[in-house]
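Asks: sequence first, then the predicted structure:
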Protein chains: 2
Amino acid sequence: MPVLVMKFGGTSVATLDRIRRAAKRVSVEVAKGYDVIVIVSAMSGKTNELVGWVTEISPMYDAREYDAVVSSGENITAGLMALTLQEMEIPARSWQGWQVPVLTNSAHSSARIEEIPSVNIAAKFAEGMRVAVVSGFQGVSPEKRITTLGRGGSDTTAVAFAAALKAERCDIYTDVDGVYTTDPRVSPKARKLEKIAYEEMLELASLGAKVLQTRSVELAMRFNVPLRVLSSFEEPNDQAGTLVCAEEDIMESNVVAGVAFSRDEAKMTLVSVADRPGIAATIFTGLSEAGVNVDMIVQNIAEEGRTDMTWSCPTDQVTRAEKAMSDAKDSGVINYHELIADKDVAKVSVVGIGMRSHTGVAAKMFRVLSAEGINIRVITTSEIKISVLIDRKYVELAVQALHDSFDLDKTS
Amino acid sequence: MPVLVMKFGGTSVATLDRIRRAAKRVSVEVAKGYDVIVIVSAMSGKTNELVGWVTEISPMYDAREYDAVVSSGENITAGLMALTLQEMEIPARSWQGWQVPVLTNSAHSSARIEEIPSVNIAAKFAEGMRVAVVSGFQGVSPEKRITTLGRGGSDTTAVAFAAALKAERCDIYTDVDGVYTTDPRVSPKARKLEKIAYEEMLELASLGAKVLQTRSVELAMRFNVPLRVLSSFEEPNDQAGTLVCAEEDIMESNVVAGVAFSRDEAKMTLVSVADRPGIAATIFTGLSEAGVNVDMIVQNIAEEGRTDMTWSCPTDQVTRAEKAMSDAKDSGVINYHELIADKDVAKVSVVGIGMRSHTGVAAKMFRVLSAEGINIRVITTSEIKISVLIDRKYVELAVQALHDSFDLDKTS
């Protein structure tokens, strides 16, 4: 029988009533003839409670114990979901990560799935089991200790199972009804996308649209798993949600698929750095080792033999970056006049695979922002994305203007 | 290094503060040079919450899913305890049942431990780990599914680990400070016992003294594991609690060690049963299959070819017993005039290994009750115990009178 993966996030299983509602959705797919793998998150709030206990006891906790504690929330939901399905006379059982097993590396709290042997679950499907309920977010290391995949990891679990069991599709049930051209709270003209390409979703996901974990989209692209994002609070139908799929499965699309933004950005400039070969490597290795996630980078020649280096990073990492640079200066590794941090910036990006074949998107974007009197601080581009750093107070204005100019409220 | 097992019940790990307090006790034993195995229960209230969810979803739940859900409480405590010990700079890690592994049979929700291979934990002790924190109450079946051992199962886990790792002693930390000659709420003269023999503790445990799970005492007796029951809410010292040990390790003891009682008893009489060989087997097989836990049994000859059969069972099983008997009558398996149930009875017992070498204990017990005007309904005896069924309203009177007459407030 064809296999379908259905993933339910924390809000979709927050209470016994919601678990029952999710189970009803599962029963509809079982009735259509699918063998279903249900991936569950912890009931919403549970993981935060467990994380709170761990960090209260041990702020610099052993990640192996952290994983052992926080993974328990998903196991509770898995058992309750299996029982609910059994009450509906659907043959179902729960599987914890180590039982499948979901084999991961040993990077506790941010482990990567290495393999999901399909043999155990496939054998149960062959015996007549119709639903395998699997704890999301967790796996087991080569040392047989419990690992977790990082926040949002249940999405990745779902896609990995879809790949391992060659599922027809992976449905991600969440509390939003799909992927939008931009955040509807910022632009009331935001439109739900029927389809979006993996590459576009990847850019949107990593740019702050919190619908899907980035790794899950990477994995779906690699194994060509169609991914549907839909709400568990709406009546289901075949057109519901947004399908994340291969570019070739999208007949027509706008040049620009969406406008993403992130308010949580800071711009930092190292002024008048003594320039020499390898200086960029020295600076960014230092920042990386200090745990600073550098996003955009721009280098300007200031004067003979000296350069200005500018980068962006999350606001809450500014202090860490400052310490790393002053430490490097003190130890003589780098030499610079001053480090300027501007915490009042934001990043706005336009994303679309259509850019590959259309020129002039960047020029149009700059024109639109200029017409609104918005100054651009830093620019970066990729094949399907243009991002700019602007003053934070202009975010809403920029998003709305770009959304309008690229006709994102209209289908192509 | 010598091994010590320390078990902490739900009230002893109910909050992060109490977990810290328990960890301090562990640190004292580590400082003495012990390698310690800590067995933890779920934080008090947790297991009840999980059981509540399971039974709300599925009153006739699949015991395999029940076990998967309710076992998670212990795993949370185990991780938190390991983190707390690590914060105290003690090398510690948590082990879930399947990781050890604690191998059980497949009788879900009341599984029996079949084997605990000591190799994994012993190897970690050899590497310098000082504390292994193990989730109590759980194990793993031959089918690699999670099992639980039944309520109070963590005591059994503790004793099984003490046997498997040849521990010097097994300390059970609970919310009472030891085993008493009787319930202090009934007799203010009740005295804490310094030592008690396994056989006596077994009789007291199964007679309603809820300090230890019966199976844990059986196991301790079989493997000769000294068991100490003590409070986690008192300052520890070498004299704390009660030591449950072999008879030969107790130099002197009273003839009677304690007076136990159970108010939750009913007396049932099947009047004028047609007697024939095998009739007792037929009746009690029927009751057993209906899930009735029969305790005392008395048979009287009523008239030629007919007999009265009397037994006692827990009050809440009376309806079940009545149905089993009327079904058996309807199907012609047995024939009787009527079934009388008396729910207003209670059981009082005196227990002591000294009875083996002292005659006259039974006679004295009957004399004491008679002097108080208490009528005895049913009597049963074993080598070290005499139990009587009396009207429930006399329980306190009987317990106090027996406690006084056998001088239980005085040490021998």
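Replies: Here it is on my side, so go on.

Asks: can you pull the residues of the stretch 101-250 of chain A lying near chain B?
Replies: Listed as neighbours of chain B in the stretch 101-250 of chain A under the rule C-beta under 8 Å from any C-beta of the partner chain: A:K144, A:R145, A:I146. Any C-beta I mention is one placed from the backbone N, CA and C, and that applies to glycine too.

Asks: excluding chain neighbours, what is closest to the second one?
Replies: Taking C-beta to C-beta, 6 or more residues apart in numbering or on different chains, and ignoring the residues beside it in sequence, A:R145 has A:R64 as its nearest neighbour in space, at 5.3 Å.

Asks: wait, that neighbour sits on A:H108?
Replies: Yes. Using C-beta atoms under 8 Å, A:R64 is in contact with A:H108, at 5.2 Å.

Asks: now for these two: what residues contact both?
Replies: A:R145 (C-beta atoms under 8 Å, 6 or more residues apart in numbering or on different chains).

Asks: tell me which residue of chain A is furthest from the middle?
Replies: Ranked by distance from the centre of chain A (C-alpha atoms, centre = their mean), the top residue is A:E304, with 42.5 Å.

Asks: mind checking how far that residue is from chain B?
Replies: 55 Å (C-beta to the nearest C-beta, to the nearest Å).

Asks: any idea which element A:G373 lies in?
Replies: Counting by DSSP states H and E, no helix or strand carries A:G373.

Asks: next, it: phi, psi?
Replies: phi 80, psi 20 (degrees, to the nearest 10).

Asks: for the stretch 251-400 of chain A, which residue gets nearest to chain B?
Replies: A:G291 (21.7 Å; C-beta to the nearest C-beta).

Asks: nearest residue to that residue in space, please, no chain neighbours.
Replies: Looking at A:G291 with C-beta to C-beta, 6+ apart, the closest residue is A:R320, at 6.1 Å.

Asks: next: A:E289.
Replies: A:A324 (7.4 Å).

Asks: just to be sure, the one you found is in a helix?
Replies: Yes. Assessed with DSSP: H, G, I helix; E, B strand; the rest coil, A:A324 lies in a helix.

Asks: any weak-confidence spans in chain A?
Replies: Counting by pLDDT under 70, chain A contains low-confidence ranges at A:206-209, A:238, A:302, A:412.

Asks: coming back round to it: so the residue nearest to A:G291 sits against A:A290, correct?
Replies: Yes. Contact criterion C-beta under 8 Å: A:R320 and A:A290 qualify, at 5.1 Å.

Asks: who are the contact partners of A:I279?
Replies: A:V273, A:T307, A:M309, A:I334 are the contacts of A:I279 under C-beta under 8 Å, 6+ apart.

Asks: which non-adjacent residue is nearest the first one?
Replies: Okay, so that is A:V273. A:Y336 is the one closest to A:V273 (C-beta to C-beta, 6+ apart), at 4.5 Å.

Asks: can you list phi and psi of the one you found for me?
Replies: Backbone phi and psi, for A:Y336 under degrees, to the nearest 10, turn out to be phi -150, psi 160.

Asks: so how many other residues sit close to it?
Replies: Residue neighbour count, defined by other C-beta atoms under 10 Å in any protein chain shown, stands at 21 for A:Y336.

Asks: mind listing what the spatially most central residue of chain A touches?
Replies: In chain A, the C-alpha nearest the mean C-alpha coordinate belongs to A:Q213, at 2.6 Å (C-alpha atoms, centre = their mean). A:Q213 makes contacts with A:G150, A:R151, A:G152, A:G153, A:D155, A:T156, A:A205, as judged by C-beta under 8 Å, 6+ apart.

Asks: can you flag the buried ones in those?
Replies: A:G152, A:G153, A:D155, A:T156, A:A205 (16 or more other C-beta atoms under 10 Å in any protein chain shown).

Asks: and of those, the nearest to chain B?
Replies: A:G153 (17.8 Å).

Asks: just give the nearest non-adjacent residue to the closest one, would you?
Replies: A:F137 (4.1 Å).

Asks: determine the longest strand present in chain A.
Replies: As assigned by DSSP state E, the longest strand anywhere in chain A is strand A:258-274.

Asks: which strands and helices sit next to that one?
Replies: Judged by 3 or more C-beta pairs under 8 Å, 6 or more residues apart in numbering or on different chains; DSSP states H and E, strand A:258-274 is in contact with helix A:198-206, helix A:279-289, strand A:297-303, strand A:306-314, helix A:318-330, strand A:338-351, helix A:395-405.

Asks: just name the most buried of those.
Replies: Mean neighbours per residue, mean count of other C-beta atoms under 10 Å in any protein chain shown, is largest over the helices and strands packed on strand A:258-274 for helix A:198-206, with a mean of 24.

Asks: what lies in contact with that one?
Replies: By C-beta under 8 Å, 6+ apart, helix A:198-206 touches A:179, A:196, A:211-214, A:217-218, A:220-221, A:227, A:244-247, A:257-258, A:260, A:349, A:351-353, A:382, A:384-385.

Asks: which among these count as buried?
Replies: A:179, A:196, A:211-214, A:217-218, A:220-221, A:227, A:244-245, A:247, A:257-258, A:260, A:349, A:351-353, A:384-385.

Asks: the residues you listed in helices, which ones?
Replies: Cross-referencing the buried ones among the contacts of helix A:198-206 against helices under DSSP state H gives A:T214, A:V217, A:E218, A:A220, A:M221.
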